[in-house]
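Q: 3D, please:
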Amino acid sequence: MPAPVAWCSLVARNRERRIAGDPAQELAERLLAAAAASMDLMAIALGDRLGYYRVLADRGELSSTGLAEATGTSERYMREWLEQQAVAGLLDVGGGPAAGDRRFRLAPGVAQVLATPDDLSHLAPLARQLVAANAQLPAVAVAAASRTGEGCPGPRSARTCASPSRT
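A: Residues are numbered from 1 along each chain as shown. All right, here's what the predicted structure looks like:
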């Protein structure tokens, strides 16, 4: 069975096929890039929440087993996260071709942006904020509110945000 195609590979192939000045191709490329970026943000938010970046920054190169043990998380899920991060270009991979032999380390610049809270370029909290904001306004609720004009249900509705004194 062939391996699944990574989002960044789809974006790259679409870019190669793009016909200069074709608005449909340009929009398709933009949407594929946005989809890849949203998946990256979700994975970054998870890695930040579970401390993966800090452990990798502190310890350097680790296997999926080593990082799972260091963070108290499942090795199987850890391996999936590490592979996604490698495909996204946030991790460098060394070791052998077998999953258990691979060792992962932060790519250059990643520690500053995702594992060093005191650095001015630290943006890991942004990923967590965007993922949390997306969870607060589900598309179904926004669509329903758009039809009725009633606002979105829940504590963070348009009415609540507009009038903080209301409950």
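Q: all contacts plus neighbour counts: C-alpha atoms, from now on.
A: OK.
Q: Contacts only, for the nearest residue to Met42 once chain neighbours are set aside.
A: Spatial nearest neighbour of Met42, excluding adjacent residues (Cα to Cα, 6 or more residues apart in numbering): Val131 at 6.3 Å. Neighbouring residues of Val131 by Cα atoms under 8 Å, 6 or more residues apart in numbering: 41-42, 45.
Q: How about Leu67?
A: 52, 55-56, 75, 78.
Q: Give the rounded mean pLDDT of stretch 88-100.
A: Average pLDDT, stretch 88-100: 91.
Q: Now find how far off-centre that stretch is within its chain.
A: 18 Å (Cα atoms, centre = their mean, to the nearest Å).
Q: mind listing the strands for this structure?
A: 91-95, 102-106 (DSSP state E).
Q: Neighbouring strands - and their directions - for the first one?
A: What it means is strand 91-95. strand 102-106 (antiparallel) (DSSP bridges).
Q: chain center to the strand it pairs with: distance?
A: Relative to its parent chain, strand 102-106 has a centroid offset of 18 Å by Cα atoms, centre = their mean.
Q: Ranking by neighbours, what's the top pick from the contacts of Val131?
A: When neighbours are taken as other Cα atoms under 10 Å, the top entry among the contacts of Val131 is Ala45 (22 neighbours).
Q: Surely it and Ala132 touch.
A: No: with contact defined as Cα atoms under 8 Å, Ala45 does not reach Ala132; the gap is 9.2 Å.
Q: Can you get me a residue count around the residue nearest to Arg54 when sequence neighbours are not counted?
A: In this structure, Arg54 finds its nearest non-sequential neighbour in Ala115, 4.9 Å apart by Cα to Cα, 6+ apart. Applying other Cα under 10 Å, we find 24 residues neighbouring Ala115.
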